[in-house]
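*Asks:* Okay, here's the prediction I keep looking at, along with the sequence it came from:
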Amino acid sequence: MIIKNNSNANQALRQSQINTGQAGKAMQKLSSGLRINQAADDAAGLAISEKMRAQIRGLNQAAQNAVDGISLIQTGEGGLNESHSILQRMRELAVQSANDTNNLADRGAIQKEFNEMTTELNRIGNQTSFNTKTVLNGLNGKGGEALVTHSIPGTPGAIRGIYTVGINTTSLNINDTIQVDGYTFLKSSNDPLLSGEFNDLSTLVTAIRAVPDLNTRYTVQVIGTPTPNGLRFEHKTGEESWSQPNIGTTKSPDPYISSPINTVRPGRGEVNLFQGSSKFMNKILCP
């Protein structure tokens, strides 16, 4: 049996398929505007072009990041400008209150405006934010998001913003108090405990965290295992600051004996008594 084969038709079909493939590639280049559309076009050239494309896109995003940073700085600058204007007005009121031609009603009005200025100044400092990140109060993030702490140059082992306090709550009697940055916490046998009361280190931490000012300023944790023997205060700014925790105790009954508690900064190899924290408080202008 003889099978007939049309070799001319097969050759024509093959050439037609080649031409169709080449026409498709040409159309792909024309439609995309790119010389290299796939690795088969130019493998080495594609690798180079992809590297350059990645660099270009990275630079474009870096430029956008810089624009966002400028916007954040401008937001902070606006808050600072308003704060500066308020401080100038507060100084003006302080000078005005010294005028002896003012009567009590006048000085009362001046004091009210001064107090409102103080409230507004604190509000600007705490609420000026960009993309939920607070700008002026030293916190990076909404609601006091903690930053990463950094080591202190030239002081091996020391950590910025971290302080440990040895507190033995079992040695305190009922109605003894502990003061943290001017806030007083009472040792109590109440069940349940009331606001500002504690009976051990765990409930003391809970009471401290319940104070918005302290909770904004510090991250507080119990230290010591297996027996808790103190507290660890860490500034939420992650930085060293003049507002080191100022902690003391007051023993009862009368006469009350107040004494400061040593606050240790890890890595310093020494014990320091730190004095006070502060924020902008209402100042009484009138005698």
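*Replies:* Thanks, I have it.
*Asks:* Now tell me which helix or strand of the chain has the poorest mean pLDDT.
*Replies:* Among the helices and strands of the chain, strand 271-272 carries the lowest confidence by mean pLDDT, DSSP states H and E, at a mean of 36.
*Asks:* For this structure, which residues score under the pLDDT cut-off?
*Replies:* Flagging of the chain using pLDDT under 70 yields the residue ranges 1-3, 138-161, 237-245, 251-287.
*Asks:* and if we set it to 50?
*Replies:* 141-159, 241-242, 254-258, 266-287 (pLDDT under 50).
*Asks:* For it, just list every one of the strands.
*Replies:* 129-130, 133-134, 162-166, 177-180, 183-187, 197-198, 218-223, 230-235, 247-251, 257-260, 263-264, 271-272 (DSSP state E).
*Asks:* which one of the ones you listed lies closest to residue 34?
*Replies:* strand 129-130 (39.3 Å; C-beta to C-beta). (C-beta placed from N, C-alpha, C; glycine too.)
*Asks:* would you list every one of the helices in the stretch 1-150 of the chain?
*Replies:* With helices called from DSSP state H, counting those that start in this stretch, the stretch 1-150 of the chain shows them at 7-32, 43-97, 104-127.
*Asks:* Please work out the angle formed by the directions of the longest one and helix 104-127.
*Replies:* Put plainly, it is helix 43-97. 170 degrees (axes from the mean of the first three to the mean of the last three C-alpha atoms, to 10 degrees).
*Asks:* Distance from the chain centre to helix 43-97, please.
*Replies:* 17 Å (C-alpha atoms, centre = their mean, to the nearest Å).
*Asks:* In JSON lines: the strands of the chain, plus distance to residue 212 and mean neighbour count.
*Replies:* What follows is those, written out as JSON lines (distance: least, C-beta to C-beta, whole Å; neighbours: other C-beta atoms under 10 Å):
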{"stretch": "strand 129-130", "distance to residue 212": "17", "mean neighbour count": "17"}
{"stretch": "strand 133-134", "distance to residue 212": "14", "mean neighbour count": "18"}
{"stretch": "strand 162-166", "distance to residue 212": "20", "mean neighbour count": "18"}
{"stretch": "strand 177-180", "distance to residue 212": "13", "mean neighbour count": "20"}
{"stretch": "strand 183-187", "distance to residue 212": "11", "mean neighbour count": "17"}
{"stretch": "strand 197-198", "distance to residue 212": "17", "mean neighbour count": "20"}
{"stretch": "strand 218-223", "distance to residue 212": "12", "mean neighbour count": "18"}
{"stretch": "strand 230-235", "distance to residue 212": "16", "mean neighbour count": "21"}
{"stretch": "strand 247-251", "distance to residue 212": "18", "mean neighbour count": "17"}
{"stretch": "strand 257-260", "distance to residue 212": "24", "mean neighbour count": "10"}
{"stretch": "strand 263-264", "distance to residue 212": "22", "mean neighbour count": "18"}
{"stretch": "strand 271-272", "distance to residue 212": "27", "mean neighbour count": "11"}
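*Asks:* Dump those to a markdown table, plus distance to residue 92.
*Replies:* Below are the strands of the chain laid out as a markdown table (distance: least, C-beta to C-beta, whole Å):
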| stretch | distance to residue 92 |
| --- | --- |
| strand 129-130 | 29 |
| strand 133-134 | 28 |
| strand 162-166 | 39 |
| strand 177-180 | 35 |
| strand 183-187 | 32 |
| strand 197-198 | 43 |
| strand 218-223 | 35 |
| strand 230-235 | 34 |
| strand 247-251 | 38 |
| strand 257-260 | 38 |
| strand 263-264 | 39 |
| strand 271-272 | 39 |
